[in-house]
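1. compute the structure for the input listed below.
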Amino acid sequence: MATPTYQPAIMSASLGRAWAHDLAHKIACASAAGFKGIEIFYEDLEYHARSLGNLPQTASPSDDALLTAASDIHTLCTTHNLTILGLQPFLFYEGLKDRTQHAKLITKMNLWLRLAHALHTNTIQIPANFLPASELITDDNMDTLVADLQQIADLGAAQNPPIRFAYENLCWSTLVDTPAKLWNVVSRVDRPNFGMCLDTFNIAGRIWADPAAESGKTENADAELKEALERMVAEIDVAKVFYIQVVDAERMETPLVPGHEFYVEGQPARMSWSRNARTFMYEVDRGAYLPVEEVARAIIHGLGYEGFVSMELFSRTMAEEGEHVSGEHAARGIRAWETFAERLQLNQ
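-> Numbering: from 1, shown residues only. Down below sits the predicted model:
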């Protein structure tokens with residue numbers, strides 16, 4: 001029996017905000033730190049297109065400019081021995097009441113399929129929609145949502161080579177915010193090229209944690225997480241797990257409610273928390289407190305997942321200025337990976 005293999009990856013945005021840090025520098029930092037793969041964030045792709053074309057940062061690059069940038073990013077990653085895991089995030093797509101907007105997003109997806117080919121990746125990631133419920137078709141069976149996802153899965157399957165889609169529950173998504181709901185959708189879409197990305201933050205951050213609570217936790221947090229992980233291991237087909245992301249987050253010193261520095265009116269607290277205060281795993285000195293290793297163990301040892309493990313991060317620290325920022329984030333990320341690999345006895 002072959003020994004399972006795992007390799008560390010990181011998202012380009014995790015190494016600094018696109019508008020503040022050069023993508024080529026971030027790619028070099030990721031490679032120098034020891035990462036073997038990278039997720040390309042669309043915002044970074046746009047930034048790179050503007051840089052290549054000497055366009056102002058307020059300009060919208062043309063499709064041709066984006067495709068040229070994608071090809072250049074592939075060359076940069078190849079030079080630095082980085083595999084491009086995927087392009088993300090394709091936002092606000094499924095289940096829209098506004099079917100005119102749906103049609104526009106199908107046109108946009110056709111461009112994204114071309115971008116994926118130019119990047120030489122086979123995966124596009126789709127976060128579960130987090131538009132307000134008033135903008136979504138919220139029938140109990142979610143038939144429209146499933147049909148929409150089948151539509152793009154079929155578009156991807158018709159590509160040569162085929163493109164697959166990794167659907168991800170966010171802990172603040174409107175309709176699909178838990179791994180159980182995620183699996184329900186993926187299994188109903190029932191396409192070989194439609195699977196999922198499992199993220200430790202988004203699982204623990206919805207079931208176990210609550211940044212708006214004084215305790216930082218949901219009621220019955222431990223019992224509910226245990227039950228959710230047991231159900232996940234029992235129900236999910238690991239062949240549908242296209243890749244995983246492991247990341248933690250800060251415990252808020254005070255509840256993330258009106259008056260908190262991260263609070264944004266109309267924005268879910270978990271989203272505000274995610275955008276400002278994630279940490280790499282094991283960064284207790286930065287306030288990390290989620291049971292993400294427990295979640296990761298369920299995915300890797302319970303489900304039997306093998307493959308890339310992405311050290312994804314969103315944090316206010318990414319917007320700091322200076323060339324040191326990307327290198328520091330890469331070093332933090334690879335330290336987390338090394339501890340993670342040792343504790344879970346990966347590649348042994």
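2. for Gly86, what are phi and psi?
-> phi -180, psi 180 (degrees, to the nearest 10).
3. so where does Leu346 fall, helix or strand?
-> Under the criterion DSSP states H and E, no helix or strand holds Leu346.
4. please read the previous query as pertaining to His329.
-> helix 324-343.
5. what segments of the stretch 1-150 of the chain are helices?
-> Using DSSP state H, counting those that start in this stretch, the helices found in the stretch 1-150 of the chain span residues 23-33, 42-52, 63-79, 99-119, 143-157.
6. surely Asp22 is in contact with Ser51?
-> Yes - between Asp22 and Ser51 there is a contact under C-beta atoms under 8 Å: 7.2 Å. (Each C-beta comes from the backbone N, C-alpha and C, glycine too.)
7. show me where pLDDT drops low in the stretch 1-150 of the chain?
-> Residue ranges of the stretch 1-150 of the chain with pLDDT under 70: 1-4, 19.
8. could you rerun that using 90?
-> Applying pLDDT under 90 to the stretch 1-150 of the chain picks out residues 1-5, 11-22, 53-59, 138-141.
9. kindly state the pLDDT recorded for the closest residue to Ala157 other than its chain neighbours?
-> Of all residues not flanking Ala157 in the chain, Asn193 sits nearest, at 5.1 Å (C-beta to C-beta, 6 or more residues apart in numbering). On pLDDT, Asn193 comes in at 98.
10. dump the residue contacts of Asn193.
-> 153, 156-157, 162-165 (C-beta atoms under 8 Å, 6 or more residues apart in numbering).
11. which other helices and strands contact the helix holding His329?
-> strand 6-11, helix 23-33, helix 292-297 (3 or more C-beta pairs under 8 Å, 6 or more residues apart in numbering; DSSP states H and E).
12. what about the closest residue to Ala221 other than its chain neighbours? Give its phi and psi, please.
-> Excluding the flanking residues, the one nearest Ala221 by C-beta to C-beta, 6+ apart is Trp208, at 4.5 Å. The phi/psi pair for Trp208 (degrees, to the nearest 10) reads phi -110, psi -30.
13. quick one, what contacts Trp208?
-> 217-218, 221-222, 224-225, 290-291.
14. can you check Ala20 too?
-> Here Ala20 is in contact with 318-321, 325 (C-beta under 8 Å, 6+ apart).
15. looking at those, which is nearest Leu344?
-> Nearest to Leu344 among the contacts of Ala20 is Met318, at 26.2 Å by C-beta to C-beta.
16. state whether Tyr243 is indeed within a strand.
-> Yes - the assignment for Tyr243 (DSSP: H, G, I helix; E, B strand; the rest coil) places it in a strand.
17. that one reaches Phe308, doesn't it?
-> Yes - if you go by C-beta under 8 Å, Tyr243 and Phe308 touch, sitting 4.9 Å apart.
18. picking that back up, any chance of the helices and strands packed on helix 324-343 in CSV, plus distance to Leu182 and mean neighbour count?
-> CSV is the format used below for the helices and strands packed on helix 324-343 (distance: least, C-beta to C-beta, whole Å; neighbours: other C-beta atoms under 10 Å):
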stretch, distance to Leu182, mean neighbour count
strand 6-11, 19, 24
helix 23-33, 28, 21
helix 292-297, 13, 21
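19. Val264: which of those is closest?
-> Using C-beta to C-beta, these put strand 6-11 closest to Val264, at 22.2 Å.
20. other SSEs contacting the closest one?
-> Using 3+ C-beta pairs under 8 Å, 6+ apart, strand 6-11 sits against strand 37-41, strand 83-88, strand 307-310, helix 324-343.
21. mind doing that once more with 6 Å?
-> Counting contacts by 3 or more C-beta pairs under 6 Å, 6 or more residues apart in numbering; DSSP states H and E, strand 6-11 packs against strand 37-41, strand 307-310.
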